[in-house]
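J.: Output the structure for:
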Amino acid sequence: MRDIEKTLFNKIADLSALKVQVESWKSEGKKVVFTNGVFDLIHIGHISYLSKAAELGDKLIIGLNSDTSVKRIKGESRPVNGQDSRAALLASFFFVDAVVVFEEDTPLNLITTLMPDVLIKGADYAIENIVGAKEVIANGGEVKTITFVEGYSSTSIIKKIQQK
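T.: Just a heads-up that it's a prediction; the model follows:
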């Protein structure tokens with residue numbers, strides 16, 4: 001395996017390994033940022049959102065909904081791309097430090113296990129409604145929202161393709 005492939009796939013971690021990595025980063029004084037989502041069809045809105053999230057700390061972790069989780073949340077026709085492909089694509093971004101797939105409908109277990117310094121969601125969420133916000137704040141962390149790039153979503157891309 002080429003070195004770049006090793007680096008890419010080393011960024012995709014299970015929760016127990018990632019917890020150890022986060023503890024190491026924190027012991028080095030690194031600020032850990034966490035966000036989550038489906039990230040089905042990557043578009044400029046995702047890239048803008050994730051790069052802005054990365055700027056808010058030293059290490060960016062993405063919690064990625066598993067295929068079964070996406071089906072429960074978005075319906076049987078989703079995701080378009082499987083979790084392994086979505087995880088590899090996210091891990092390929094230079095500003096992403098780790099990707100962890102989760103089966104639950106929310107990332108609460110990931111958040112309470114990893115306890116990031118900064119929890120990020122889109123500005124369509126009120127901070128008091130963000131899963132894990134009270135736990136992160138109670139631990140001395142911050143919760144922030146990032147404005148989306150208007151007009152971009154995986155759902156709208158899928159609809160556009162279906163109309164052709």
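
J.: Could you point out the longest helix of this protein?
T.: Ranked by residue count under DSSP state H, the longest helix found in the chain is helix 15-27.

J.: Just the angle for the helix or strand just after that helix relative to helix 15-27, thanks.
T.: Next in sequence after helix 15-27, counting helices and strands by DSSP states H and E, comes strand 32-37. Using axes from the mean of the first three to the mean of the last three C-alpha atoms, to 10 degrees, the direction of strand 32-37 lies 140 degrees away from that of helix 15-27.

J.: Tell me which strands strand 32-37 pairs with, and in which orientation.
T.: Looking at strand 32-37 with DSSP bridges, its partner strands are strand 59-65 (parallel), strand 118-122 (parallel).

J.: Pick the most deeply packed of these.
T.: Counting by mean count of other C-beta atoms under 10 Å, strand 59-65 has the highest mean neighbour count of the strands paired with strand 32-37, with a mean of 25. Glycine gets a C-beta too; all of them are placed from N, C-alpha and C.

J.: after that strand comes which helix or strand?
T.: Taking DSSP H and E, what comes next after strand 59-65 is helix 67-74.

J.: Now do the strand or helix carrying K159: everything it contacts.
T.: For K159, the element it lies in under DSSP H and E is helix 154-163. With contact meaning C-beta atoms under 8 Å, 6 or more residues apart in numbering, helix 154-163 is reached by 38-41, 43, 80.

J.: What does the pLDDT read for the residue lying closest to V70 once chain neighbours are set aside?
T.: In space, and not counting its chain neighbours, V70 is closest to P79: 4.5 Å by C-beta to C-beta, 6 or more residues apart in numbering. In this model, P79 is scored at 94, pLDDT.

J.: list the contacts for P79?
T.: When contacts are counted by C-beta under 8 Å, 6+ apart, P79 touches 38, 40, 67, 70-71, 86.

J.: A91: neighbour count?
T.: Using other C-beta atoms under 10 Å, the number of residues around A91 comes to 20.

J.: same question, T35
T.: If you count neighbours by other C-beta under 10 Å, T35 ends up with 25.

J.: again with Q163
T.: Counted with other C-beta under 10 Å, Q163 comes out at 6.
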